[in-house]
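J.: coordinates for the following, if possible.
(3 chains)
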Amino acid sequence: MRQVFRPGGWPGVMLLVVLVYLTAAMLGSLGWPDNDWTRRVGPSFAPPSWEHWFGTDRLGRSVAVKAWLGARVSVIISCGGAALAVGAGVLLGMLAGWWRGWVDAMVIWLCTTLSTVPRLMLLLALALLLREQTVFGVSLYGAPSMLLALGLTGWVGTCQVVRAEMIKLGTLNFITAARALGANGFDIARRHALPHLTHLILVEFGLKVAGFIGAEVSLSFLGLGPADQPSWGTMLEEARIETAQHVWWQMTAAFAAVFLFSLAVHEVSDALRDALDPRMSPEEKPERQ
Amino acid sequence: MKRFIIRRLLAAVPVLLGVLLLTFALSRVLPDDFAARRGGEHASAEMLADLRWAHGLDKPLFVEWDRLFAGNFAAAFDSQFFAHCRRLFTLDFGRSWSALRPVSHMLLEGLGPSLAITVPVMLASVAISLVLGILAVFVWRTSWDRWLLGACTLNMSIPGVALILTAQYFVAFEWGWAPVHGWAGGRGLVLPVVLGVLIGLGADVRFCRAVLLKEMREDFMRTALAKGVGGWRLCAVHALRPALGPLLARWLPRLPFLLTGALFLERIFGIPGLGGMMADAIAARDFPVINVMTFIAAMLHLFGQSLADVLSAWMEPRIRIS
Amino acid sequence: MRQALSRLIQHAAIVVVLGGCGREEAVSPGSEHVVLREKVAGVDPIHIGGLASGMAAVASNIYEPLFQYHYLKRPYELMPCLAAEMPQWSADGLTCRIRLREDARFEDDACFPEGRGRALETEDVIFSWKRIADPRNASAFWAHFEHHIAGMDEYRRALREGLPEPAVPGLHAVNKHTLEIRLTRPWPQFVHILAHPATSVVPAEALRTYGADFLRHPVGTGPFRLHAWQTGTGVVLKKSPSFRREHYPSEGTPEDAASGLLTDAGARLPQVDEVHFHVIEASEPAWLLFLQGRIDHQGVPTDHFSDVLDAHWQLRPTWSQKGLCVDVFPSMFLRWIGFNMADPVIAKNLPLRRAISLAMNRQEFNDLFLGGRCGLPGSLLPPGMKEHRAELRDPWMTFDLARAQAQRIEAEKVHGGPIPPLTLRMGGTSPLVRQIGQLITRWLADAGLVLHVEHVEEGSMAATMEKRPASMFFGDGYSMVHPDPTDLFRRFASHGGDAVENRFHYQNLRFDEWYKTLSAMPDLPQRIKLCHQMEDLLLQDLPCIGFLSYNWVSVRHDWLTSFKPHAFSGPSGLIKYHRINGQRRAQWRQQPPP
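T.: Next up, the predicted model:
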């Protein structure tokens, strides 16, 4: 692993980029560089200059600050959503793969149904529904509803992969031996199966994060994005009207920010996959369906 | 073989029921007061009740329990859910709530523009991914392979929406090589189709490459090589056949893409197709349209998946037995 | 240079695009080309949403109601359309007799025997209005007729229960050309309602023949008839040969003669032969087509405002040299920020409401989002109404941060502590609306108040305000349906707590009393005085904040004449009065000026 991510190598650089973005998200939450992104820093639609690196938007706010702070929303939604999706997928996959029988049939039915409904429609409907709710006094408007929607619909792939692994594991000798020794389901799952799944979980997590970064942009573009914090998706949505006036800087800033982050996460998760599965040669690794 | 097909079709039934239930639940559970929206600001409570009645929204959601217990089965199942199912299966798609026109007419109108984009996109994507995948086999373990993979990753990292917006701005607006907007056939199709192919190409190429490379390492390939079968024939004929299974399983269930896949393209370029219709319907909470389109997309998906399974089973007898 | 080059290529691209679609390079000389900003699915009067909607724009040329507003006279005056004269009222104000024109005909259409249209009859009017009452049609216009016409509520209820259709005693056909209407209570503004396009007359034969497809086969009495419908792209109307004789008015406001609006006096209408509606939802392509001369008139997009007009709303010389003319007129469109008077923080705290009103930088909003075209209001009634007082300048309807802060301190004293965060609910989730919300948050922050903005879909505003009330709301605005203050004041009357449309939850017994008097009062001098009193009461109690006084700015090519923007006809105007100089247009397009 250390070999794969050595500094100076391409994956190492990409890992650094990811870390930069994560720091940006954290610093943004803490209020650096600008606590108040809504402040007017210049005239409306000022082009990029030394004073405003990426110019200003319609209300005179700094686009550079918005792009920086957009990392916060992106990280929260992609990592949070991925955690939820992978968690749910692992849980259900293990249940299905271990118990088989009707539990397995139910889970497969759920998987197939969710994957049959057009994904975008499902996401939109769920996000619109969740947006209006308040849970424990916290309104779900904006980022939380997107996170939940992505997490609750994105577990299907992970579930199928984990289920397949569990079925395979179930036939292995050491599991049969453990059963013969009287270990119950939970023990086997926890102590024997989970370590085998760890590399799978990590890889799935990486893939999901990469996918959700783009999904956040698409959903924000359709109007589901947060209104009280800047996000790259909402920046692109605003840019759509602005470009008619030849105002290209907000679009470019958001595009560059998303692209770099997405690329970095993709590369890191690829490298992770290469590192964690030394048994299979690279081209034999199952590709994302 | 026949038993396999029947088994496959039977397995699709509970999924279809699940889809119907899911779409119905989502559409009814969305926070929306249809009557208040249609009635406008001046509507009285009585008028709102009339509006709900006119659209069948005053019936119970699933089953009217008291009538069921009274033994009146016909009236007990006179609920929104059963009306929803019955309408879909009799192809009575009803009328759109926002456009007031029969949904079937709207579907027929949107079909042309959508297909004009999605069919070329799909054909081109399949063709290009296959060609590049085969090419990847040839350049495996050289630096060209790394460049190809890198390009694929780059492609996968650009969110579709961002690409469409940026391309529209620079190519159409600033440089004027293509029309910015509108459905005019011909010239207006070039940019959307090109963008549609580019989005998702990276993932497809990587997949083709992986599948083909996997097949290359099988024993039968070594045999073919020993027999003296040459490079191109080896890849295109011998490797492709078993690879077709996973490839079809990836592409056939994408049939719904033909209808609604170009959603962002249609939205941004202003093309009056089905994808844009779907997005408008969701924004306007136009449930008849949403339900019909989801149902059709789900049917297509199921059909595509079943077809892919049957074809794989036909080509790979081992699957039939398992 | 690069700019000019890219514009040139752009124009070329547009031309290629159009060359691929309409094949309309040769534009017929007597045709008018108009932009529709939203898709129109079909035309059915009872489903007309707002007067500015696409359907209203098309429908008002094919169908006609009983009355209409005078084209030129301001303030707006009613005059007969399908009626032969203004209605005769009985002494108690409950019965009204309307005589119909005898020369009004439905156009020739396949739904009539032998395809020949027939003369209009009283039964057609009754039929058309009964359609509004029919609950199966789910027409939103019913809200205007409800509880007003004798027997109509019972008619609706009977149909709802599934009983056979009863007769409506309140609509009585005295003979083939006279209609007698009986109301349940005095309602002098009823005639305004009869000028709304939703009450247009449709023939029963068309509905019988076309059924669900009636939307696409309109059959009306109007100056134009449907010629072609290209879904998603446009609608083409042609002059109707069976249109009755109607002439261009010969009197108007004093300024009309000077601006050349009376040159066509006495001419037979309609003056154009064809109308082409082009459906273009985005403003930029529409603007480009206008500049090419393919569209005859257009509202100026916000982005080009300062480009095209100077500070006094006059055309800059480069543009007037191209043969463009500008029309600025105050529209009957109101935008306000409403307070939820049932909210405990807002309701009892008048200084707080005043503070919020003083914190609104209306000019900044005007500049950022509207190109500076609107005016800052002094009162609630829009200009263009005869009850509008131009000299009134409400002291709380300006921008003054110092006074806003002072009022806030007052408010804190009244509240007994710092003001808790307020919620603003906004209708619309588009980026523009979000930016407006962010702007308002910034304004209130400058005055020391905390605001949370929530966005909901426009249509769900009323429903969400009921379920989860917010302290303030900002909807997409209200377009007055007819030039009478009751249309505005009805939103503030509480009717003893029963009013659905009173979203402010405002309850003032004195106001309710006055409203009741006003709605039954015919047109007398004391009526205007009563309106002023009611407006003053509203300005005092502040259940809402007046925001901007909306002006409509449109430019047209000089070959389109006799164009006077009309507040109750939508942006396309009343096309039957327009005149097109086809030769001049052909010349211009062949050799456009630089």
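
J.: who are the contact partners of residue 38?
T.: Let's take chain A. A:Thr38 sits next to A:59, A:61, C:438, C:441-442 when contact means CB atoms under 8 Å, 6 or more residues apart in numbering or on different chains. Placement of C-beta: from N, CA and C, glycine included.

J.: other chain: chain C
T.: Per CB under 8 Å, 6+ apart, neighbours of C:Glu38: C:53-54, C:279, C:281.

J.: do the helix ranked longest in chain A and chain C meet?
T.: Looking across chain A with DSSP state H, the single longest helix is helix A:63-99. No. For helix A:63-99, no contact with chain C is found by CB under 8 Å from any CB of the partner chain; the gap never falls below 11.2 Å.

J.: now do the buried residues in that helix.
T.: Across helix A:63-99, burial judged by 16 or more other CB atoms under 10 Å in any protein chain shown covers A:63-82, A:84-86, A:88-90, A:92-98.

J.: buried ones among the contacts of A:Thr38?
T.: A:59, A:61, C:438, C:441-442.

J.: between which two of the residues you listed is the distance greatest?
T.: Longest distance between any two of the buried ones among the contacts of A:Thr38 is 12.1 Å, between A:Arg61 and C:Thr441; criterion CB to CB.

J.: now for the closest residue in space to B:Gln168 that isn't next to it in sequence: which residues touch it?
T.: If you skip the residues right next to it in sequence, B:Gln168 has B:Ile268 as its closest partner in space, 6.0 Å away by CB to CB, 6 or more residues apart in numbering or on different chains. Applying CB under 8 Å, 6+ apart to B:Ile268 gives the contacts A:240, B:161, B:164-165, B:168.

J.: ok, B:Val121 next?
T.: Shown here is B:Val121, whose contacts under the criterion CB under 8 Å, 6+ apart are B:193, B:196-197, B:261-262.

J.: how about it, secondary structure?
T.: helix (DSSP: H, G, I helix; E, B strand; the rest coil).

J.: excluding its backbone neighbours, what's nearest it?
T.: Leaving aside its sequence neighbours, B:Val121 sits nearest to B:Gly196 (CB to CB, 6+ apart; 3.7 Å).

J.: checking the one you found next. Helix, strand or coil?
T.: In three-state terms, and counting by three-state DSSP, B:Gly196 is helix.

J.: pretty sure it contacts B:Ile117?
T.: Yes. Here B:Gly196 reaches B:Ile117: they are 6.2 Å apart, a contact under CB atoms under 8 Å.

J.: state the mean pLDDT of whichever strand or helix holds B:Pro242.
T.: Assigned by DSSP states H and E, B:Pro242 belongs to helix B:240-251. Per-residue pLDDT over helix B:240-251 has a mean of 81.

J.: other residues contacting the helix or strand following it?
T.: Towards the C-terminus, the helix or strand next in line after helix B:240-251, according to DSSP H and E, is helix B:257-260. Residues external to helix B:257-260 that are found in contact with it (CB under 8 Å, 6+ apart): A:118, A:120-121, B:111, B:114-115, B:118-119, B:122, B:274-275, B:278, B:293, B:296-297, B:300.

J.: C-terminal to helix B:257-260, what's the next element?
T.: Taking DSSP H and E as the definition, the helix or strand that follows helix B:257-260 towards the C-terminus is helix B:263-269.

J.: for the closest residue to C:Trp552 other than its chain neighbours, grab phi and psi.
T.: Nearest non-adjacent residue to C:Trp552, counting by CB to CB, 6+ apart: C:Ser331, 4.5 Å away. Per-residue torsions, C:Ser331: phi -90, psi 160 (degrees, to the nearest 10).

J.: so what's the residue count around C:Ser331?
T.: Under the neighbour criterion other CB atoms under 10 Å in any protein chain shown, C:Ser331 is assigned a count of 22.

J.: low-confidence ranges, the stretch 51-200 of chain B, go.
T.: Within the stretch 51-200 of chain B, the stretches with pLDDT under 70 are B:63-77, B:176, B:179-186.

J.: ok, now with 80
T.: Within the stretch 51-200 of chain B, the stretches falling below the threshold (pLDDT under 80) are B:55-84, B:88, B:91-92, B:94, B:98-101, B:172-188.
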